[in-house]
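>>> sequence below, structure please.
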Amino acid sequence: MAAEVLANAGLVVTVYEHQRSVGRKFLLAGRGGLNITHSEPIDAMLGRYSASSPSLVAALRGFTSQDLRAWCAALGEPTFVGSSGRVFPASFRATALLRAWLARLADLEVAIKVGHRWQGWASRPDGGVDARGLIFERSDGTIVEAVSDVTILALGGASWPRVGSDGRWVDTLARLGVKIAPLRPANCGVLVDWSADFVRQFGGAPLKNIALTVGTASVRGDAMITTSGLEGGPVYAQSATIRDSIDRLGSCTLSFDLQPDLTVARLEERLVRGRQKDSLTAMLHRIGLSKVSVALLRELTGNQIPRQPEALAPMIKSLAIEVRSLMPIDRAISTAGGIAFSELDDVLMIKRLPGVFVAGEMVDWEAPTGGYLLQASFSTAVTAARGAVAFLHHPGPC
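The predicted structure is shown next:
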């Protein structure tokens, strides 16, 4: 995105990509349907981001979800708004959009060099770094240097390192004194030490139509039992709160409501009306609990499930589990942390490295899934590129 803005400004642009092809994380994001942005008004959208930095706010206002949708349409991929307000390309995939995008960059004569891993900058005689001289290691092990008037770093966070974003840039910038908040997992599942029998029967099974409460916040949706824990929308939406609780207290309590459409009183009434001759499992199925919900109830209570409606109904509505760890960062959808906004100027240039700009998850902001991650990545790329153009015209503070 930054390359396109720079090329449209008449600059000669080269993209250095350390993988053998570009857009791998973009394609991964579109694997289940590319949720490219969200349709909610900008003021509501701004509240979804952890950072309230004026720079991030300006970036999101400077390239909005409407701008992003217009950009998609110009590439031949019109978008539509789903029932949840999320925005998707009409094809529902990332492949066609990426193909059209690369064709546009080719028309703009943007050079793309794959298999180049950034290693840092060339050294000056005084021991400092020359921000114009970038050092790359090619996939064959050879080292090459490139000279650039401006540079935009868009190296990602540290989630899904196999598609490119492995966080190795942190040490390079930290050695220069750039303040960086530690990269931590975001929008990720939690680790749970399930019993072997439970994993064997239900690993990979969906836990549908539940509400997950962490603290005072409750999120409804479908979760997924995995062999190592629990994932899915309600978990991802609460992962920042879960992570911060674990960091602060060493653990976090999650509470499942397995029947969010019923009050405790209504659920108790249904249990009272159940057939006395029914087994406990049959009674639970009769009130609407799925097979996996019943199994989870047994798993988290050590199979000590009361038959008394006045005891069972509250348990179904508030089934607690204590977790002590999130999924590893390489399994997270995104990462929190990154370069502090105090290190950046209004157009995302690193203050101590004039001519070097940053974009995307390298910067210390966090957002939930729902299109917000891609939107901020694109918005910060546009801001950084516009800042780079301005810097070239007027070197010095933008």
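>>> for the helix or strand in which Pro314 is found, which helices and strands make contact with it?
Secondary structure here is read from DSSP states H and E; on that basis Pro314 sits in helix 309-317. Other elements packing on helix 309-317 under the criterion 3 or more Cβ pairs under 8 Å, 6 or more residues apart in numbering; DSSP states H and E are helix 264-272, helix 291-301. Where you see a C-beta, it was placed from the backbone N, CA and C, and this is true even at glycine.
>>> ok, and what's touching it?
Contacting residues not belonging to helix 309-317 are listed as 257-259, 262, 264-265, 267-268, 271-272, 289, 297, 301, 305-306 [Cβ atoms under 8 Å, 6 or more residues apart in numbering].
>>> report the inter-axis angle for that helix versus helix 291-301.
Interaxial angle, helix 309-317 versus helix 291-301 (axes from the mean of the first three to the mean of the last three Cα atoms, to 10 degrees): 100 degrees.
>>> and helix 309-317, what's buried?
Neighbour counts using 16 or more other Cβ atoms under 10 Å place Pro309, Leu312, Ala313, Met315, Ile316, Lys317 of helix 309-317 among the buried residues.
>>> how far is that helix from where the chain is centred?
The chain centre lies 36 Å from the centre of helix 309-317; the measure is Cα atoms, centre = their mean, to the nearest Å.
>>> after that helix, next one along is what?
According to DSSP H and E, the helix or strand after helix 309-317 is strand 319-323.
>>> please name every helix or strand in contact with that following strand.
Applying 3+ Cβ pairs under 8 Å, 6+ apart, we find strand 319-323 packed against strand 252-257, helix 291-301.
>>> these into TSV, with extra columns for mean pLDDT, mean neighbour count and distance to Ser21?
Converted to TSV, those look like this (pLDDT from 0 to 100; neighbours: other Cβ atoms under 10 Å; distance: least, Cβ to Cβ, whole Å):
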stretch	mean pLDDT	mean neighbour count	distance to Ser21
strand 252-257	97	20	39
helix 291-301	96	19	38
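>>> CSV for the ones you listed, including distance to Leu68?
Formatted as CSV, the entries for the helices and strands packed on strand 319-323 read as follows, by distance: least, Cβ to Cβ, whole Å:
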stretch, distance to Leu68
strand 252-257, 34
helix 291-301, 37
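>>> out of the ones you listed, nearest to Val347?
When those are ranked by proximity to Val347, the top entry is strand 252-257, at 37.8 Å, counting by Cβ to Cβ.
>>> please export the C-alpha coordinates of the closest one as PDB.
What follows is strand 252-257 as a C-alpha-only set of coordinates in PDB (Å, rounded to 0.1, in the frame of the first residue of the first chain):
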ATOM      1  CA  CYS A 252      -7.600 -15.400  34.500                       C
ATOM      2  CA  THR A 253     -11.100 -16.800  35.100                       C
ATOM      3  CA  LEU A 254     -13.300 -17.400  32.100                       C
ATOM      4  CA  SER A 255     -17.000 -18.000  32.600                       C
ATOM      5  CA  PHE A 256     -19.100 -19.800  30.000                       C
ATOM      6  CA  ASP A 257     -22.800 -19.300  29.700                       C
END
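>>> returning to that earlier point: out of the contacts of helix 309-317, which end up buried?
Once neighbours are counted (16+ other Cβ under 10 Å), the buried part of the contacts of helix 309-317 comes down to Asp257, Leu258, Gln259, Leu262, Val264, Leu267, Glu268, Leu271, Leu289, Leu297, Ile305.
>>> A strand includes the fourth one, no?
No: if the criterion is DSSP: H, G, I helix; E, B strand; the rest coil, then Leu262 is coil and not within a strand.
>>> which of the residues in stretch 271-284 are buried?
Using 16+ other Cβ under 10 Å as the test for burial, stretch 271-284 gives Leu271, Gly274, Leu280, Met283, Leu284.
>>> likewise stretch 74-86?
So, applying 16+ other Cβ under 10 Å, buried residues of stretch 74-86: Leu75, Glu77, Thr79, Arg86.
>>> will you turn those into JSON lines that also has distance to Gly141 and pLDDT?
Written out in JSON lines, the entries for these read as follows (distance: Cβ to Cβ, whole Å; pLDDT from 0 to 100):
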{"residue": "Leu75", "distance to Gly141": "36", "pLDDT": "97"}
{"residue": "Glu77", "distance to Gly141": "38", "pLDDT": "95"}
{"residue": "Thr79", "distance to Gly141": "42", "pLDDT": "97"}
{"residue": "Arg86", "distance to Gly141": "43", "pLDDT": "96"}
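>>> in helices, which of these fall?
If you go by DSSP state H, the buried residues of stretch 74-86 have nothing in helices.
>>> nearest to Cys252, out of those: which one, please.
Ranking these by separation from Cys252, with Cβ to Cβ as the measure, puts Arg86 on top at 27.0 Å.
>>> need phi/psi at Asp222.
phi -110, psi 130 (degrees, to the nearest 10).
>>> could you number the chain from 29 rather than 1 from now on?
Taking 29 as the first residue, the last one we looked at is Asp250.
>>> what sits against it?
With contacts taken as Cβ under 8 Å, 6+ apart, Asp250 has the following neighbours: Pro234, Leu235, Lys236, Asn237, Ile238, Gly260, Gly261, Pro262.
>>> so the second one touches Ser321, yeah?
Yes: here Leu235 reaches Ser321: they are 6.6 Å apart, a contact under Cβ atoms under 8 Å.
>>> quick one: low-confidence ranges for the protein?
For the chain, residues meeting the criterion pLDDT under 70 lie at 303, 424-426.
>>> kindly list the longest helix within it.
For the chain, assigning by DSSP H, the longest helix comes out as helix 400-421.
>>> in which helix or strand does Arg335 reside?
Arg335 belongs to no helix or strand when assigned by DSSP H and E.
>>> nearest residue to it in space, please, no chain neighbours.
Closest residue in space to Arg335, ignoring its immediate chain neighbours: Leu308 at 6.1 Å, by Cβ to Cβ, 6 or more residues apart in numbering.
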